[in-house]
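Asks: coords please:
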Amino acid sequence: MHNSSKAALQDPLWVRYCLMTLALLVVGLFLCLPLASIFFQAFAKGLQAYAEQISSPDALAAIRLTLLVSAISLPLSVVFGVSAAWAIARFDFPGKGLFTTLIDLPFSVSPVTAGLLFVLLFGAHGWFGEWLQAHNIKIIFAVPGIVFATLFITCPFVARELIPLMQEMGSEEEEAALSMGAGPWTMFWRVTLPNIKWGLLYGVVLCNARAMGEFGAVSVVSGHIAGLTNTLPLHVEATYNEYNAVGAFAAASLLTVLAVVTLVVKSYLEWQQQRNRQHN
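Replies: Next comes the predicted model:
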């Protein structure tokens with residue numbers, strides 16, 4: 001390509017510097033500054049005050065509940081995601097298009113609306129409310145309701161990562177393994193899983209981050225009972241509403257660390273996925 005042609009495809013130097021400066025200003029103003037202010041406010045009264053707020057009974061209960069909900073919803077989301085991706089990528093069946101569309105439903109529905117849906121189903125005046133009360137089963141304003149709401153929000157992440165990956169991968173290797181006498185489970189563990197492992201881990205990381213940081217749907221079904229049904233995001237709101245800024249930002253700093261770790265792991269997995277595709 002001639003120098004004149006290259007010059008025509010390049011912006012002037014001052015335009016590039018202006019765009020770079022603008023991008024850095026936006027990132028600094030809307031990303032770095034808020035993150036820095038969270039940690040500044042969290043440690044505003046010293047390390048001891050920060051430790052006291054993090055180790056308070058309500059904060060510890062919120063952390064335990066957040067980890068519990070994530071530990072329950074994450075494996076279920078993985079099982080659903082792998083199963084859904086396998087069905088969509090490998091089989092043709094009536095309603096396949098509708099099923100694929102429904103997987104994206106949690107992305108298009110407001111989390112608050114999803115929470116209200118569970119209240120409509122399982123609340124005291126909901127469709128199953130009388131039956132649940134008669135059998136002394138509590139879902140709304142209890143841990144099961146929080147798990148259901150979190151599961152609804154997080155279930156698409158793994159499936160959405162694996163569906164295009166498995167469609168691109170094709171089924172030739174799996175068919176070859178079956179023709180050589182491998183059983184379905186052997187084929188999955190020896191052929192399918194190694195090929196999708198980076199996409200699966202990528203979906204798991206996103207799913208876990210969303211499970212721990214979910215607010216809208218959980219807020220509706222939890223009842224905001226301190227020490228019982230408040231997850232870490234709800235604890236941040238409750239503590240801030242009580243004018244305990246240090247406690248609120250201390251809890252928020254934990255979620256911020258989770259977000260940063262998720263971003264680092266996400267970037268690593270994206271690099272691994274791209275590297276794996278180049279090698280194949």
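
Asks: Just give me how far stretch 218-231 sits from the chain centre.
Replies: In terms of C-alpha atoms, centre = their mean, to the nearest Å, the centre of stretch 218-231 is set 19 Å apart from its chain centre.

Asks: again with stretch 108-122
Replies: 18 Å.

Asks: mind listing what's buried in it?
Replies: For stretch 108-122, the neighbour count (16 or more other C-beta atoms under 10 Å) marks 111, 114-115, 117-119, 121-122 as buried. Every residue, glycine included, has its C-beta placed from N, CA and C.

Asks: of the residues you listed, closest to residue 84?
Replies: residue 114 (18.3 Å; C-beta to C-beta).

Asks: What residues does the most centrally placed residue in the chain make contact with?
Replies: Taking C-alpha atoms, centre = their mean, the centroid of the chain lies closest to residue 210, which sits 2.6 Å from it. Residue 210 is in contact with 153-154, 157, counting by C-beta atoms under 8 Å, 6 or more residues apart in numbering.

Asks: Please apply the same query to residue 103.
Replies: 84, 155-156, 159-160.

Asks: Okay, it and residue 77: tell me how far apart.
Replies: 12 Å (C-beta to C-beta, to the nearest Å).

Asks: pLDDT at residue 136, what is it?
Replies: At residue 136, the pLDDT value in this model is 90.

Asks: Could you do residue 149 as well?
Replies: Listed pLDDT for residue 149 reads 93.

Asks: Kindly report the same for residue 9.
Replies: Looking at residue 9, the pLDDT reads 53.

Asks: one step back: export the contacts of residue 103 to a markdown table and tack on distance to residue 149, neighbour count and secondary structure?
Replies: Rendered in a markdown table, the data for the contacts of residue 103 read as follows (distance: C-beta to C-beta, whole Å; neighbours: other C-beta atoms under 10 Å; DSSP: H, G, I helix; E, B strand; the rest coil):
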| residue | distance to residue 149 | neighbour count | secondary structure |
| --- | --- | --- | --- |
| 84 | 19 | 21 | helix |
| 155 | 11 | 22 | coil |
| 156 | 14 | 24 | helix |
| 159 | 18 | 24 | helix |
| 160 | 19 | 20 | helix |
